[in-house]
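In: Got a sequence here, can you build the structure:
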Amino acid sequence: MIGIFGSLRKVVSPDRKGERPVAPLDQDRRKQHNLFEAAATYVSASVEEDQARIDEASGWVSPEALSFGVSELACRAVIALARERDESPQTVARTLLGLPTD
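Out: Modelled structure (predicted):
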């Protein structure tokens with residue numbers, strides 16, 4: 001009976017007794033991408049019509065995180081263009097989308 005509990009303890013918490021978990025090798029670790037890296041890659045790949053990079057960037061983070069990152073990138077781009085052109089962000093956004101700037 002004690003042997004069963006010992007085996008179970010090794011499986012459930014291997015760091016307490018018995019074998020220690022082995023850290024993954026450096027080549028096995030995948031680079032972790034944040035949502036802003038994913039958004040920047042996704043948008044630039046979309047502009048260049050590079051479907052392979054679009055698919056790759058889409059897999060780095062959740063769809064929700066990617067959507068947030070793309071939205072944040074759009075906001076920052078509109079603000080930067082508005083400052084550069086000395087126009088309001090609304091005017092710049094509407095111009096970029098081909099909408100009237102009433």
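
In: Find the residue ranges of the chain scoring beneath the pLDDT cut-off.
Out: Scanning the chain for pLDDT under 70 picks out 1-31.

In: Name the surrounding residues that touch the longest helix anywhere in the chain.
Out: Looking across the chain with DSSP state H, the single longest helix is helix 63-85. Contacts to helix 63-85, defined as C-beta atoms under 8 Å, 6 or more residues apart in numbering, come from residues 35-36, 38-40, 42-43, 57-58, 60-61, 87-89, 91-93, 96. The way it works is simple: take the backbone N, C-alpha and C, and place the C-beta from them, glycine included.

In: same thing with stretch 36-47?
Out: For stretch 36-47, the surrounding residues in contact (C-beta under 8 Å, 6+ apart) are 51-54, 56-58, 60-61, 65-66, 68-70, 72-73.

In: Any of the contacts of helix 63-85 buried? List them.
Out: Taking 16 or more other C-beta atoms under 10 Å as the criterion, what is buried in the contacts of helix 63-85 is 35, 36, 38, 39, 40, 42, 43, 57, 60, 61, 92, 93.

In: Tell me which two of these sit farthest apart.
Out: Pairwise distances across the buried ones among the contacts of helix 63-85 peak at 28.7 Å for 60 and 92 (criterion: C-beta to C-beta).

In: Of the contacts of stretch 36-47, keep whichever come out buried.
Out: 54, 57, 60, 61, 66, 69, 70, 73.

In: so what's residue 56 up against?
Out: With contact taken as C-beta under 8 Å, 6+ apart, residue 56 is in contact with 41, 45.

In: mind listing the helices in the chain by residue range?
Out: Using DSSP H, the helices of the chain run over 2-12, 35-47, 51-58, 63-85, 89-96.
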